[in-house]
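J.: could you work out the structure for the sequence below:
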Amino acid sequence: MSEKLLNWAGNHTFQASRIHRPTSVGEVQEIVTGATKVKAAGTRHSFGDIADTEGDLISVEGLSGIYELTESDNILVEAGARYGDVSRFLSTQGFALANMASLPHITVGGSVATGTHGSGVKNPSLSAAVRELSIVKPDGSWQMLKRGRDAEFEGAVVGLGALGVVVSLRLDIVPDFQVGQTIYEKLAWQEMEGDLDTLLSGAYSVSLFHRWASEVVDQVWVKRTSGASGADYFGAKKADGPRHPLPDMPTENCTPQEGVYGPAFERLPHFKMEFMPSSGEELQAEYLMPRRHAFAAMKALDAIRDRIAPLLWVSEIRTVAADDLWMSPSYGEDAVAFHFTWRQMVPEVMALLPEIEARLAPFGARPHWGKLFTMGAERIRSLYPRSGDFIRLAEEFDPSGKFRNPYLERHLFC
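T.: As a prediction, the model looks like this:
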């Protein structure tokens, strides 16, 4: 019997006929050349089948090299390198990534391909830090694309695995900096209604953790690069100790709090590299829309909070700056992201997602490519002005459809 892999949450079983774990680009080229259908996967933190195939599955976790810095503003890494490892290495050299996601465990290649983001009104997605990437194409050759040089670059970065297997990426970096993280509790609805944009812009990174049980937001995570933490934040009171976003979960899994400053890589993620944030028995969905619609979108969802809350562990609301990557959920306009960590109640969650999507539709909400959603291809294409260009680019790179899979057919190409 062939080996079967589960995704991180355990809600999806990969259907690949063969699973490969190459440790060199040459091995990737050989596998791709000999395959009829092929996809690549990293830490398998996607909640759907974006990285799945009935053919050959390439795990890039063995391609995890972090190359020595040769310049002061960028670093070259292999696609399977994890953000936590990259950022820890950079800190030893006096540098940092300007933005990180909640989890440091995820691979660079998978995060970039799906438009994954961190938080901050001035911080674009993780994908926006890419200045160069190398892709193995269907015939086993590889092509390097560079920002500012290649016309295809902005279409290839958030590539959804449709163009080929990305094997390395060059990332922008910044001088290392310090961050202090403070948790505040019980943010009243009227404070958000008054000026939610200012509230979300009040620090380097701000996240609201909400369980949709009432008009009071449970926690506000504020990450500052300067200044002391006050006793309150827009009326929410400073927590009297460390907190975890999920009820009854150990706080030692979380990065240092209580306003104590430390290296950016130890504060920008919510969770420590050495711990997983939960048991994995969860589902996730996320939608990004123009930031100017943030409070109106909250109101739209608050109308069905009695249906959301029973299925939910917690929801996170945070901001992402605009980028120019064709298939990025924050393409073209500063965004607000509504993230949902659901209990692993698959039928109930999947039945609720269409209503959430309908309520967010007036605000142009785009789904996170690596989470659960139910939108079809026609709707998704309408949300991305460059979707037609991306489809043509994918067909140019992969005319035989070697990297095509049911996910891409269902959500984009049909």
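J.: how about stretch 258-274 as PDB, C-alpha atoms only?
T.: In PDB, the C-alpha atoms belonging to stretch 258-274 read as follows (Å, rounded to 0.1, in the frame of the first residue of the first chain):
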ATOM      1  CA  GLU A 258       3.600  41.700  29.100                       C
ATOM      2  CA  GLY A 259       5.400  44.500  27.200                       C
ATOM      3  CA  VAL A 260       8.900  43.000  27.600                       C
ATOM      4  CA  TYR A 261      11.000  43.900  24.500                       C
ATOM      5  CA  GLY A 262      13.000  41.400  22.600                       C
ATOM      6  CA  PRO A 263      14.000  40.400  19.100                       C
ATOM      7  CA  ALA A 264      11.300  40.800  16.500                       C
ATOM      8  CA  PHE A 265      11.300  37.100  15.500                       C
ATOM      9  CA  GLU A 266      10.400  36.200  19.100                       C
ATOM     10  CA  ARG A 267       7.400  38.600  19.200                       C
ATOM     11  CA  LEU A 268       5.900  39.100  15.700                       C
ATOM     12  CA  PRO A 269       4.600  35.500  15.600                       C
ATOM     13  CA  HIS A 270       1.900  34.600  18.200                       C
ATOM     14  CA  PHE A 271       3.500  31.200  18.900                       C
ATOM     15  CA  LYS A 272       6.900  29.900  19.800                       C
ATOM     16  CA  MET A 273       8.900  27.800  17.300                       C
ATOM     17  CA  GLU A 274       9.400  25.000  19.800                       C
END
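J.: list the buried residues of it.
T.: By 16 or more other C-beta atoms under 10 Å, the buried positions in stretch 258-274 come out as 259, 261, 263-273. Placement of C-beta: from N, CA and C, glycine included.
J.: sec struct for R292, please.
T.: Here R292 is helix, with the state taken from DSSP: H, G, I helix; E, B strand; the rest coil.
J.: strands along the stretch 1-150 of the chain, start to end?
T.: With strands called from DSSP state E, counting those that start in this stretch, the stretch 1-150 of the chain shows them at 18-20, 38-41, 56-59, 74-78, 95-96, 120-124, 130-136, 142-146.
J.: quick one: Q93 and L69 touch, right?
T.: Yes - Q93 is in contact with L69 according to C-beta atoms under 8 Å; the separation is 5.7 Å.
J.: so between these two, which is more surrounded?
T.: Between Q93 and L69, counting by other C-beta atoms under 10 Å, L69 is the more crowded of the two (16 against 13).
J.: ok, now how distant is the more buried one from H293?
T.: From L69 across to H293, the span is 40 Å (C-beta to C-beta, to the nearest Å).
J.: again, but for I380
T.: 18 Å.
J.: can you check P399 too?
T.: According to C-beta to C-beta, P399 stands 39 Å off from H293.
J.: looking at the two, which has the bigger crowd around it?
T.: H293 (17 against 9).
J.: one step back: turn the strands of the stretch 1-150 of the chain into a markdown table, including distance to V86 and mean pLDDT.
T.: Output for the strands of the stretch 1-150 of the chain, formatted as a markdown table (distance: least, C-beta to C-beta, whole Å; pLDDT from 0 to 100):
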| stretch | distance to V86 | mean pLDDT |
| --- | --- | --- |
| strand 18-20 | 23 | 96 |
| strand 38-41 | 18 | 97 |
| strand 56-59 | 18 | 97 |
| strand 74-78 | 6 | 97 |
| strand 95-96 | 10 | 96 |
| strand 120-124 | 17 | 95 |
| strand 130-136 | 13 | 98 |
| strand 142-146 | 19 | 97 |
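J.: quick check: which of these is buried the most?
T.: Among the strands of the stretch 1-150 of the chain, strand 38-41 has the highest mean neighbour count (mean count of other C-beta atoms under 10 Å), at a mean of 27.
J.: that one pairs with which strands?
T.: strand 56-59 (parallel) (DSSP bridges).
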